[in-house]
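> sequence unavailable; structure follows:
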């Protein structure tokens, strides 16, 4: 049986406007090496200068936007093609924010059709928070810090939409592996009684 693909989504936003400046996705399945995920990013022109703090955080500059931005219809078309080709689970995997809803609203604002990412998403940060609360530990921290708690290494530059999406998917699958092992242990325990 072929493993189910999932798609992780991440957005980078300008400040203080919260306008989208970069969209990133990663598509893969639980058995894949993260280096084999399909990873893609797009730049969006927010029609305003990139805030200095955001450039420092993400590395995204006005020049990156000018030289690499594409229209909303291009993103919708290319993202739809990726979804159709790789058939990921219908709800995207995210790290702690309504990126799916924000992207849909971004498309709507620009009158661009996008028929994916319903009203729900798989929030890895919420899963992480649950795990930390169940161990009576603080869930605070970044994606990179959370990954280190599960002996997983964040790869690449933080706060780049494609890199964050890839690492979010990697953590999601790591948590799936951990949960699967726990279920196996519970089954063995119940079989011994």
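Sure thing, it's come through. Everything numeric in this text was worked out from a predicted model, so none of it was measured.
> so residue 46 makes contact with residue 14?
Yes: using CB atoms under 8 Å, residue 46 is in contact with residue 14, at 4.9 Å. (Glycine included, C-beta is placed from N, CA and C.)
> what packs against the longest helix along the chain?
In the chain, assigned by DSSP state H, the helix with the most residues is helix 161-191. The contact analysis (3 or more CB pairs under 8 Å, 6 or more residues apart in numbering; DSSP states H and E) places helix 161-191 against strand 6-13, strand 20-28, strand 38-43, strand 93-94, helix 124-134, helix 143-149.
> list the buried residues for that helix?
For helix 161-191, burial by neighbour count (16 or more other CB atoms under 10 Å) applies to 161-175.
> name the nearest residue to residue 41, ignoring sequence neighbours.
In space, and not counting its chain neighbours, residue 41 is closest to residue 162: 3.7 Å by CB to CB, 6 or more residues apart in numbering.
> for the one you found, give me its contacts.
By CB atoms under 8 Å, 6 or more residues apart in numbering, the contact list for residue 162 reads 10, 22, 24, 25, 26, 39, 40, 41.
> swap the cut-off to 10 Å and go again
By CB atoms under 10 Å, 6 or more residues apart in numbering, the residues touching residue 162 are 8, 10, 12, 22-26, 37, 39-42, 156.
> what average pLDDT does stretch 162-179 get?
Mean pLDDT, computed over stretch 162-179, is 94.
> go on, stretch 43-51?
97.
> same question, stretch 120-140
pLDDT averaged over stretch 120-140 gives 91.
> so what pLDDT did residue 144 get?
pLDDT, residue 144: 94.
> my read is that it contacts residue 153, right?
Yes: contact criterion CB atoms under 10 Å: residue 144 and residue 153 qualify, at 8.9 Å.
> list the residues that contact both of the two?
Contacts common to residue 144 and residue 153, judged by CB under 10 Å, 6+ apart, are residue 167.
> when the two are compared, which one has more neighbours?
Comparing residue 144 with residue 153 by other CB atoms under 10 Å, the one with more neighbours is residue 144, at 17 against 10.
> contacting residues for that one?
Per CB under 10 Å, 6+ apart, neighbours of residue 144: 152, 153, 154, 155, 156, 158, 159, 164, 167, 171.
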